[in-house]
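A.B. asks: generate coordinates for the sequence data below:
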Amino acid sequence: MDATEAQTACFEAGIKFGSLYHQFAGTPVSPASADSLARAMEEAIENQPYCESVTVDVLVDELETELADSAADYTELTGRFVAVEMTIDYEGTEVRTRMDMQDGYPLMRVVDVAPEP
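C.D. replies: Purely as a prediction, here's the structure:
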């Protein structure tokens with residue numbers, strides 16, 4: 001049985017999330033470098049096939065809270081410092097996805113699957 005276009009589009013979204021998270025987890029990040037890191041993450045993932053758009057928001061308030069009692073001016077990037085939205089388009093099927101913290105875990109999930117109008 002062949003995968004449907006919607007199933008393949010969801011698979012592609014999963015590949016992009018895995019790449020994004022595991023490529024950048026552990027990267028040194030500070031409030032000052034948050035924007036440039038977010039843009040680098042977006043541009044890296046947008047290079048992949050079927051990726052229509054990626055929006056990465058490095059949560060500066062969360063970084064500042066983490067660093068408030070630290071001697072360092074940076075920390076390592078983890079899922080709790082990032083919110084991500086992606087749109088994948090595979091053969092006319094559009095998948096919208098999101099990653100954000102849910103109960104202390106960076107949950108990556110499909111928000112919507114729809115054929116393009």
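A.B. asks: gap between the closest residue in space to Asp73 that isn't next to it in sequence and Glu64?
C.D. replies: Nearest residue to Asp73, sequence neighbours excluded (Cβ to Cβ, 6 or more residues apart in numbering): Ser30, at 5.4 Å. Where you see a C-beta, it was placed from the backbone N, CA and C, and this is true even at glycine. According to Cβ to Cβ, to the nearest Å, Ser30 stands 9 Å off from Glu64.
A.B. asks: more neighbours: which of the two?
C.D. replies: Using other Cβ atoms under 10 Å, the more surrounded residue of Ser30 and Glu64 is Ser30, with 16 against 12.
A.B. asks: and that one, what pLDDT?
C.D. replies: Per-residue pLDDT puts Ser30 at 97.
A.B. asks: so who does it touch?
C.D. replies: Leu63, Leu67, Asp73, Tyr74, Thr75 (Cβ atoms under 8 Å, 6 or more residues apart in numbering).
A.B. asks: redo those residues as a markdown table? Include secondary structure.
C.D. replies: As requested, the contacts of Ser30 are exported to a markdown table (DSSP: H, G, I helix; E, B strand; the rest coil):
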| residue | secondary structure |
| --- | --- |
| Leu63 | helix |
| Leu67 | helix |
| Asp73 | coil |
| Tyr74 | coil |
| Thr75 | strand |
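A.B. asks: which of these count as buried?
C.D. replies: Neighbour-count burial (16 or more other Cβ atoms under 10 Å) applied to the contacts of Ser30 gives Leu63, Leu67, Tyr74.
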